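*Asks:* predicted structure and sequence below. I'll ask about it afterward.
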Amino acid sequence: MRGPRQPLNRRTPIEWTQRRKATLAGGVAALLAVAGLIWAALPGDETEPRPREYRDVTACLLTDQEGVAGKNAAPLWAAMQTASAQTLGQARYLEVTGEQTAANAQTFAGTLILGQCAVIVAAPGIADEAVRTVAAQQTQQKFLVIDGAAPGTPNVTRVSAADLTGTVAKLLG
């Protein structure tokens with residue numbers, strides 16, 4: 001006895017799978033070709049963004065532990081960033097960490113001096129006190145203090161917060 005009879009025109013599963021693979025590959029290739037044509041037809045970005053090239057001059061801000069987010073330092077930092085954008089001079093800041101005393105802040109002022117800041121801006125408070133003390137020893141360094149008492153040394157200039165952008169821009173210029 002013989003097994004069940006197969007219809008003569010029926011395809012085997014292997015032939016069907018190979019045909020499906022070929023059809024699928026053709027469809028994917030066509031889809032990629034269409035996507036490539038669309039991508040090539042879209043307008044490209046004509047200009048690439050360039051990084052800002054700064055000059056080798058830096059204005060530095062010395063702040064208390066609140067940093068540039070503190071109420072005394074925030075407007076000063078904004079003014080210094082504006083001056084930096086106008087002159088392409090750099091602006092950076094250093095916050096006093098640890099003990100919040102003028103004696104501790106003097107160490108941080110020394111760090112900014114070693115960092116070759118063209119001018120060091122002192123935020124009101126412990127930074128201001130530290131800068132006034134350090135300025136007597138570092139006569140070659142320029143310092144800016146905001147309002148307050150008159151400076152005791154010629155390398156310290158008192159400015160108002162409103163005039164800080166212009167003053168820093170001149171020093172960075």
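*Replies:* Nice, thanks for sending it over.

*Asks:* next secondary structure element downstream of the helix or strand encompassing Ala59?
*Replies:* Assigned by DSSP states H and E, Ala59 falls within strand 58-63. Downstream of strand 58-63, the next assigned helix or strand under DSSP H and E is helix 74-87.

*Asks:* and that next one with strand 58-63, angle?
*Replies:* Angle, helix 74-87 to strand 58-63, by axes from the mean of the first three to the mean of the last three CA atoms, to 10 degrees: 180 degrees.

*Asks:* each with direction, which strands does whichever helix or strand comes after helix 74-87 pair with?
*Replies:* The helix or strand immediately downstream of helix 74-87 is strand 90-95, counting by DSSP H and E. Applying DSSP bridges, strand 90-95 is found paired with strand 58-63 (parallel).

*Asks:* any idea how far the partner strand is from the chain center?
*Replies:* Between the centre of strand 58-63 and the centre of its host chain there is 16 Å, according to CA atoms, centre = their mean, to the nearest Å.

*Asks:* how about low-confidence regions in this structure?
*Replies:* For the chain, the stretches with pLDDT under 70 are 1-16, 45.

*Asks:* change it to 90
*Replies:* By pLDDT under 90, the low-scoring segments of the chain are 1-56, 147-153, 161, 171-173.

*Asks:* tell me which residues of stretch 166-173 are tucked away?
*Replies:* Thr167, Val168, Ala169, Leu171, Leu172 (16 or more other CB atoms under 10 Å). Just so you know, the C-beta spots here come from the backbone N, C-alpha and C atoms, and that holds for glycine as well.

*Asks:* turn the residues you listed into JSON lines, including secondary structure and distance to Val145.
*Replies:* As requested, the buried residues of stretch 166-173 are arranged in JSON lines below (DSSP: H, G, I helix; E, B strand; the rest coil; distance: CB to CB, whole Å):
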{"residue": "Thr167", "secondary structure": "helix", "distance to Val145": "11"}
{"residue": "Val168", "secondary structure": "helix", "distance to Val145": "13"}
{"residue": "Ala169", "secondary structure": "helix", "distance to Val145": "18"}
{"residue": "Leu171", "secondary structure": "helix", "distance to Val145": "14"}
{"residue": "Leu172", "secondary structure": "helix", "distance to Val145": "18"}
